[in-house]
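Engineer: sequence unknown, structure follows:
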């Protein structure tokens, strides 16, 4: 499905320049959308260590820009030789998406663009078992349940297309930049809900959404008409033809 979606959007860009040039305005619908991330339940089938459920909403401001907001619940557990770790919490994101497809091609149905969002993660973490070794020997301790608030930025390229009237599908790639894990400089979470590995300054992910899309009004978008190359050639031909007529006339008079 993802491969077909990519091929479809590449085709859209290729035919964009062939749209009729005589039209200087186009009417497009603006939508509100609400979608569910399908990748979370699929990942749960692969591993029970990470549970993640997310919804994402957006509202078109104009034909190119949409305001977006999302909420996600995540829980994570890990058992290693040196530690047991658990975290869970809610994360919230808000920002804007920009559609690179022109309005006369997108028609309110297709999206290929990039978004920028700010994220907050309200989560709890604990380490029921933590083994350590130092100059005095080896030992075992635990870190009790603590509440933290993390901050991060998201850069989200993605695509979306209309599957059925009122139903869209698409995927987003995520590059997340950690601002603060909220747990202190020397105590970073193994997993921060909504972000990923809290020990890394950057994380990546991909999510696949199916959404309900409802138009709420229509707007007219000005499309700058493009001058045809043939019209320029005709103008040049007329100028050249005038010069030839004059030259022939002069030659005839000399005869």
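Structural biologist: Right, received. Where do you want to start? These numbers were taken from a predicted model, which means no experiment stands behind them.

Engineer: run the chain-centre distance for the helix or strand that contains residue 216.
Structural biologist: Using DSSP states H and E, residue 216 maps to strand 202-222. Here strand 202-222 is found 9 Å from its chain centre; the criterion is C-alpha atoms, centre = their mean, to the nearest Å.

Engineer: now do stretch 180-193
Structural biologist: On C-alpha atoms, centre = their mean, the centre of stretch 180-193 falls 26 Å from the chain's centre.

Engineer: can you pull out the low-pLDDT segments for the stretch 151-255 of the chain?
Structural biologist: Along the stretch 151-255 of the chain, the model assigns pLDDT under 70 to residues 186, 225-255.

Engineer: tell me the angle of the helix or strand containing residue 76 relative to strand 202-222?
Structural biologist: Under the criterion of DSSP H and E, residue 76 resides in strand 65-79. With axes from the mean of the first three to the mean of the last three C-alpha atoms, to 10 degrees applied, the angle from strand 65-79 to strand 202-222 works out at 160 degrees.

Engineer: buried set for strand 65-79?
Structural biologist: For strand 65-79, the neighbour count (16 or more other C-beta atoms under 10 Å) marks 66, 68, 70, 72, 73, 74, 75, 76 as buried. Every residue, glycine included, has its C-beta placed from N, CA and C.

Engineer: test my guess that residue 110 contacts residue 162.
Structural biologist: Yes: taking contacts as C-beta atoms under 8 Å, residue 110 lies within contact range of residue 162: 7.1 Å.

Engineer: just to revisit the earlier point, partner strands of the strand holding residue 216, parallel or antiparallel?
Structural biologist: Paired strands of strand 202-222, with direction, are strand 25-37 (antiparallel), strand 167-180 (antiparallel) (DSSP bridges).

Engineer: so which residues of the stretch 51-200 of the chain form helices?
Structural biologist: Ranges of helices within the stretch 51-200 of the chain are 103-106, based on DSSP state H, counting those that start in this stretch.

Engineer: identify the bridge partners of residue 125.
Structural biologist: Residues in beta-bridge contact with residue 125 (DSSP bridges): residue 87, residue 146.

Engineer: that one: how many residues sit nearby?
Structural biologist: Per other C-beta atoms under 10 Å, the neighbour tally for residue 125 reads 26.

Engineer: so what secondary structure elements neighbour the strand holding residue 76?
Structural biologist: Under the contact criterion of 3 or more C-beta pairs under 8 Å, 6 or more residues apart in numbering; DSSP states H and E, strand 65-79 touches strand 50-60, strand 83-99, strand 111-134.

Engineer: closest one to residue 206 among those?
Structural biologist: Nearest to residue 206, of all the helices and strands packed on strand 65-79, is strand 50-60, at 12.2 Å by C-beta to C-beta.

Engineer: what score does residue 23 have for pLDDT?
Structural biologist: Residue 23 is assigned 59 on the pLDDT scale.

Engineer: A strand includes residue 41, no?
Structural biologist: No: Residue 41: not assigned to a strand; according to DSSP: H, G, I helix; E, B strand; the rest coil it is helix.

Engineer: surely it touches residue 54?
Structural biologist: No: using C-beta under 8 Å, residue 41 is not in contact with residue 54, being 10.5 Å away.

Engineer: circling back: just the buried residues of strand 65-79 now: which is nearest residue 168?
Structural biologist: For the buried residues of strand 65-79, with residue 168 as the reference and C-beta to C-beta as the criterion, the closest is residue 66, at 12.2 Å.
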